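K.L.:
have a look at this prediction, sequence included:
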Amino acid sequence: MTEITGNTRRLRLEALLACPPTTRCRQLLERLQALAADWPDQVRLDVYYAGEPPHTTPTEGYQALDKRKSVPSGYLNGSMIDDELWEDPAALRRELVAELNRGPDTWE
């Protein structure tokens, strides 16, 4: 689901973390927070904790993974971000920019 604020739709980033977060969880969260901060009017970050109900409705892509989700894991527009991608900040940024360039009509 894309959040609509005023007339602006925002691309969803999601993180599934352990509770309490591990070092690896904190690394993922920091990367995703940095990306969301660079595009505050276009990107929204939702954080979920394993074993707890989400505070907001997750994207359809996130929900469809059901039991196949790993902790920690990140999601861009409902698609799981590969470990190699989120460990490379420049590559993750390029992927996010590509998704932003596709436009709001393609966002969950």
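P.N.:
Structure's in. What do you need? Residues are numbered from 1 along each chain as shown.

K.L.:
from now on I want contacts and neighbour counts done on CA atoms only, so please keep to that.
P.N.:
Noted.

K.L.:
residues in contact with the longest helix seen in the chain?
P.N.:
Ordering each helix of the chain by length in residues (DSSP state H) puts helix 23-38 first. Counting by CA atoms under 8 Å, 6 or more residues apart in numbering, the neighbours of helix 23-38 from elsewhere in the structure are 13, 15, 17-18, 43-45, 71-74, 86-87, 89, 93.

K.L.:
would you mark the buried spots in that helix?
P.N.:
Of the residues in helix 23-38, those buried under the neighbour-count criterion (16 or more other CA atoms under 10 Å) are 25, 28-29, 31-33, 35-36.

K.L.:
least confident of the contacts of helix 23-38?
P.N.:
For these, the least confidently modelled position is residue 86, at 82, judged by pLDDT.

K.L.:
how many residues are close by the closest residue to it other than its chain neighbours?
P.N.:
Closest residue in space to residue 86, ignoring its immediate chain neighbours: residue 92 at 5.7 Å, by CA to CA, 6 or more residues apart in numbering. The number of residues packed around residue 92, counting by other CA atoms under 10 Å, is 20.

K.L.:
same check, this time on residue 80
P.N.:
Applying other CA under 10 Å, we find 18 other residues in the vicinity of residue 80.

K.L.:
repeat that for residue 98.
P.N.:
Under the neighbour criterion other CA under 10 Å, residue 98 is assigned a count of 11.

K.L.:
which helices and strands sit right next to the helix or strand harbouring it?
P.N.:
Here residue 98, judged by DSSP states H and E, is contained in helix 89-102. Taking 3 or more CA pairs under 8 Å, 6 or more residues apart in numbering; DSSP states H and E as contact, the helices and strands that helix 89-102 lies on are helix 83-86.

K.L.:
buried residues in the helix it packs on, which are they?
P.N.:
So helix 83-86, judged by 16+ other CA under 10 Å, has buried residues residue 86.

K.L.:
same thing with stretch 63-83?
P.N.:
Within stretch 63-83, judged by 16+ other CA under 10 Å, the buried ones are 71-81.
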